[in-house]
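*Asks:* Provided below for reference: sequence and predicted model.
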Amino acid sequence: MNVIIANKYQLMLENLGIDVIKSMNGEFEVDEIIRNFENFFYQRMILDITAIKNYHDIRNLQKLSIALPMEKVILLLDDTEESTYPSYLSKLISMGIYNFTRNVDGIQYLYNHPNSYRDVAQFHQLEDVTVTPQAPTPTSQVTQNVIVQNVGSGYSGRIIGVKNITKSSGATTLVYMMHNELSKYYNVAAVEVDKTDFTYFKMPGLISTTSANVNQDISKFRDYDAILIDVNGSVQAEGLCNEIIYLIEPSIIKLNRLTTVTPQVLASLRDKRVVLNKSLLSSKDVLDFEYEARVKVFYNLPPMDEREKKNKPLMEFLAKLGFNKVR
C-alpha cells in the first residue's frame with residue numbers, strides 16, 4: 001500500500017491508479033511529515049514537493065532525507081525554474097533522493113522501476129555545493145568536496161563500506177566486530193554515518209559522524225591500513241568507499257518484506273559483494289538462495305557473539321576479504 005502527500009498537484013495525484021493506505025492534502029512542516037511516517041509501513045510515498053512548507057530551503061529536504069527511507073519516496077517536483085537547474089537535481093542526489101519527476105508518466109515509471117544512483121549519476125555534480133546557481137560558491141565547501149575525491153582516489157588503503165539491505169541486518173555490530181578483530185593486526189578506523197549507535201559499545205576509537213562531515217573526518221585516517229564505514233544509506237559515505245559489503249539477513253519475513261517493498265533490489269545486487277549475516281542457512285540453502293535470488297553470496301555469516309575474543313567465522317570472513325594477518 002502507498003502514501004500520497006499532495007498540495008498543488010492534488011488533482012494530478014488523485015488519478016494514479018495505485019492502492020493508497022493514507023493521504024494528506026495541504027502544506028505541512030517537515031517535522032509533521034516525519035512524525036506521521038517515520039514508523040509507518042508503506043510501499044511507496046508519492047510526495048508533492050509543494051506540500052512541504054518552505055520547500056525552497058534545501059535543508060528541509062535534507063531533514064526529510066535523514067528521517068525517511070528515500071528509496072521509497074517518489075518526489076514530484078514543481079514547475080519553477082529553480083527546480084530545473086542541474087545544481088538543484090545534484091543536491092537532491094547528494095541526499096539520496098534518486099526518484100524525482102515532474103509528471104504522471106514519470107511517477108508511474110518510477111513506481112515500477114525505482115532509480116539507483118547509477119541511473120541519476122549523470123546529473124550529480126561533485127563540485128556543486130549550492131542550489132541557486134547565481135549564488136557564490138563558498139571556498140571552504142569547494143575544498144571539502146575536493147577532499148572527498150582525494151580520499152576516495154588517492155588514499156592508498158582500503159575504505160570498506162558495510163550497508164544493510166534487509167532492515168536491521170547488523171551492519172553496525174559487524175563493523176564494530178571487524179574493527180575489534182582487525183585492530184589486533186592492522187591500523188584500522190571505524191566510522192558510522194548519520195547515526196550514533198557506536199556510543200552504546202562504549203569503546204574508544206569508534207567515530208560517529210554525519211554525511212556532511214564524513215569526508216573531513218575520514219581524511220584524518222589517510223595513513224591507516226583500512227577504514228570501515230557503516231554507511232547507513234549515506235550517498236556521500238558510499239561514494240568514498242572503494243569496496244562495499246551488502247548485508248542481507250536471510251530470514252523469510254525479512255526477505256519477503258524486502259522484495260515486496262523494493263521488488264528489484266536483489267537484481268540490483270548482481271555482481272555485488274553480498275554477505276548473508278545472522279544466517280542459519282546451510283551450504284545447500286545458500287546455493288538455493290543464490291539460484292532463486294540470482295546473486296552470488298560472498299560469505300555466509302552465522303549469528304555471532306560480539307563478546308567472543310576468538311570468533312572463528314569472523315576471522316575466516318576477514319581472511320577472505322584479504323586481511324591475511326588475521327589468525
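*Replies:* Thanks, I have it.

*Asks:* neighbours of M95, just the number please.
*Replies:* When counting by other CB atoms under 10 Å, one arrives at 19 neighbours for M95. The C-beta positions use only the backbone N, C-alpha and C, and glycine is treated the same way.

*Asks:* Spit out the contact partners of it.
*Replies:* Applying CB atoms under 8 Å, 6 or more residues apart in numbering, one finds that M95 lies in contact with 61-62, 65, 70, 211, 235.

*Asks:* now, which of these sits nearest Q125?
*Replies:* Each of the contacts of M95 was scored against Q125 by CB to CB, and V235 proved nearest at 13.2 Å.

*Asks:* what's the closest non-adjacent residue to the closest one?
*Replies:* Nearest-residue entry for V235: G96, 4.8 Å, with adjacent residues in sequence omitted and distances by CB to CB, 6 or more residues apart in numbering.

*Asks:* got the contact list for the one you found?
*Replies:* By CB under 8 Å, 6+ apart, the contact set of G96 is 65, 70-71, 233-235.

*Asks:* Using the three-state scheme, assign it.
*Replies:* Following DSSP: H, G, I helix; E, B strand; the rest coil, we place G96 in the coil state.

*Asks:* Distance to S83 and neighbour count added to the contacts of M95, as JSON lines?
*Replies:* Formatted as JSON lines, the entries for the contacts of M95 read as follows, by distance: CB to CB, whole Å; neighbours: other CB atoms under 10 Å:
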{"residue": "L61", "distance to S83": "11", "neighbour count": "22"}
{"residue": "Q62", "distance to S83": "16", "neighbour count": "19"}
{"residue": "S65", "distance to S83": "16", "neighbour count": "22"}
{"residue": "M70", "distance to S83": "17", "neighbour count": "22"}
{"residue": "S211", "distance to S83": "22", "neighbour count": "22"}
{"residue": "V235", "distance to S83": "19", "neighbour count": "19"}
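
*Asks:* among those, which one has the lowest pLDDT?
*Replies:* pLDDT is lowest at V235 among the contacts of M95; the value there is 81.

*Asks:* Need phi/psi at that one.
*Replies:* phi -60, psi -40 (degrees, to the nearest 10).

*Asks:* What distance do you get for it to Y291?
*Replies:* 32 Å (CB to CB, to the nearest Å).

*Asks:* still on that earlier bit, which of the contacts of M95 fall in helices?
*Replies:* When the contacts of M95 are checked against helices (DSSP state H), the matches are 61-62, 65, 235.

*Asks:* on that earlier part again, kindly indicate which of the contacts of G96 lies nearest L13.
*Replies:* Where the contacts of G96 are concerned, and distances follow CB to CB, L13 has its nearest neighbour in M70, at 18.5 Å.

*Asks:* so who does the closest one touch?
*Replies:* 64, 95-99, 233.

*Asks:* please redo it, this time with the cut-off set to 7 Å
*Replies:* By CB atoms under 7 Å, 6 or more residues apart in numbering, M70 lies in contact with 96-97.

*Asks:* OK, contacts around D288?
*Replies:* Applying CB under 7 Å, 6+ apart, one finds that D288 lies in contact with no residue.

*Asks:* how much space between it and R294?
*Replies:* For D288, the distance to R294 under the criterion CB to CB works out to 12 Å.

*Asks:* do the same with N324
*Replies:* To R294, N324 is 31 Å away according to CB to CB.

*Asks:* now do E249
*Replies:* Plainly put, E249 is 19 Å away from R294 if you go by CB to CB.

*Asks:* Read off the pLDDT value for the spatially most central residue of the chain.
*Replies:* The residue at the geometric middle of the chain, judged as the C-alpha nearest the mean C-alpha position with CA atoms, centre = their mean, is G233 (1.5 Å). Per-residue confidence at G233 stands at 81 (pLDDT).

*Asks:* Got phi/psi on the closest residue to it other than its chain neighbours?
*Replies:* Nearest in space to G233, with sequence neighbours left out and distances taken as CB to CB, 6+ apart, is G96 at 6.1 Å. The phi and psi torsions at G96 (degrees, to the nearest 10) take the values phi 80, psi 10.

*Asks:* any low-confidence regions in the stretch 201-327 of the chain?
*Replies:* Filtered on pLDDT under 70, the stretch 201-327 of the chain yields the residue ranges 261-263.

*Asks:* Strands of that one, residue ranges please.
*Replies:* Counting by DSSP state E, counting those that start in this stretch, the stretch 201-327 of the chain has strands at residues 206-209, 226-230, 243-248, 273-276, 297-300.

*Asks:* Sheet partners, orientation included, of the helix or strand containing I5?
*Replies:* Element membership for I5, per DSSP states H and E: strand 2-6. Its sheet considered, strand 2-6 pairs with strand 20-25 (parallel), strand 44-48 (parallel) by DSSP bridges.

*Asks:* Now find how far off-centre the last one is within its chain.
*Replies:* Average the C-alpha atoms of strand 44-48, do the same for its chain, and the two points are 18 Å apart (CA atoms, centre = their mean, to the nearest Å).
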